[in-house]
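Sequence plus the predicted model coming up.
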Amino acid sequence: MVRRAGSFDAATGLVEHVWSDLGDGGSLARALSGADAVISTLGGAAKGPTTVCTDAIRTTVPAMTLAKVTRLVVLSAYGVLETHDRSLFSLAVWAGVGDKMKDKESMEPLITGSMLDWTIVRPPMLKDAPATGRYQVGENLPIRLWDSIGRADLAGFLLREVEDPRFVRKYPRIHR
């Protein structure tokens, strides 16, 4: 599922469904029919208030239930809810992208209140970097101001978590 057509290069076995109206649960449920899992990596606009993550999950949870898909892996952020602390990382991220963090904070309870087999991944800063396969994952992994994860390694972890669930109904953190 993509929000804009042409988001992915054509590849054998890849079917792109456009989901531009985040409130359209019917088309989402039809697209999810036969799926094994949903991985959500949605994010809001670069600046200003956003509710894209919350709006999408508000529609996704019932659509998954209708389509009988029970596995959900969601990208959130370190610094949300109980990790919104007085650490340098949390203070910096809230100062820089507080609107996105508010969206993630209102999204997470919609997931945890569902009957789905969810995993909410809370990475620190994301970087454009090639996959290395070298990173740490854990529920209580300390996150420091300088920690980051490459998007390719993060994507690999999200896929592995679907294939080999280790963090069902948990909040893993990840960094290199």
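Received the coordinates, thanks.

Now for residue 56: which residues touch it?
By C-beta atoms under 8 Å, 6 or more residues apart in numbering, the contact set of residue 56 is 22, 40, 42, 107. In this view, the C-beta of every residue, glycine as well, is placed from N, C-alpha and C.

so where's the protein shaky on pLDDT?
Applying pLDDT under 70 to the chain flags residues 45-46.

Mind naming the longest helix for it?
The residue-count maximum for a helix in the chain (DSSP state H) belongs to helix 88-112.

elements contacting that helix?
The contact analysis (3 or more C-beta pairs under 8 Å, 6 or more residues apart in numbering; DSSP states H and E) places helix 88-112 against helix 52-67, strand 71-75, strand 117-121.

circling back: by neighbour count, which of the contacts of residue 56 wins?
Neighbour counts for the contacts of residue 56 (other C-beta atoms under 10 Å) peak at residue 107, which has 25 neighbours.

related to what we said a few turns ago, nearest to residue 11 among the helices and strands packed on helix 88-112 would be which one?
Closest to residue 11 of the helices and strands packed on helix 88-112 is strand 71-75 (C-beta to C-beta; 20.8 Å).

just the angle between the closest one and helix 88-112, please?
Strand 71-75 runs at 150 degrees relative to helix 88-112, counting by axes from the mean of the first three to the mean of the last three C-alpha atoms, to 10 degrees.

got the CA coordinates for strand 71-75 in PDB?
This file holds the C-alpha atoms of strand 71-75, laid out as PDB (Å, rounded to 0.1, in the frame of the first residue of the first chain):
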ATOM      1  CA  ARG A  71       0.000  -9.400  12.500                       C
ATOM      2  CA  LEU A  72       0.900  -5.600  12.600                       C
ATOM      3  CA  VAL A  73       4.400  -4.200  12.800                       C
ATOM      4  CA  VAL A  74       4.500  -0.400  13.100                       C
ATOM      5  CA  LEU A  75       7.300   2.100  13.000                       C
END
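
Return the list of strands paired to it, each annotated with direction.
strand 37-40 (parallel), strand 117-121 (parallel) (DSSP bridges).

For it, which outside residues touch it?
Counting by C-beta under 8 Å, 6+ apart, 36-43, 57, 60-61, 64, 107, 111, 114, 116-121, 123, 154, 158, 161-162, 165 sit against strand 71-75.

again, but for stretch 115-124
By C-beta under 8 Å, 6+ apart, stretch 115-124 touches 61, 64-65, 70-80, 83, 89, 93, 108, 111-112, 143-144, 147-149, 154, 157-158, 161, 165, 167-175.

Out of the residues you listed, which end up buried?
Buried members of the contacts of stretch 115-124, scored by 16 or more other C-beta atoms under 10 Å, are 61, 64-65, 71-80, 83, 89, 93, 108, 111, 143, 147, 149, 154, 157-158, 161, 167, 171-175.

Done for today, thanks.
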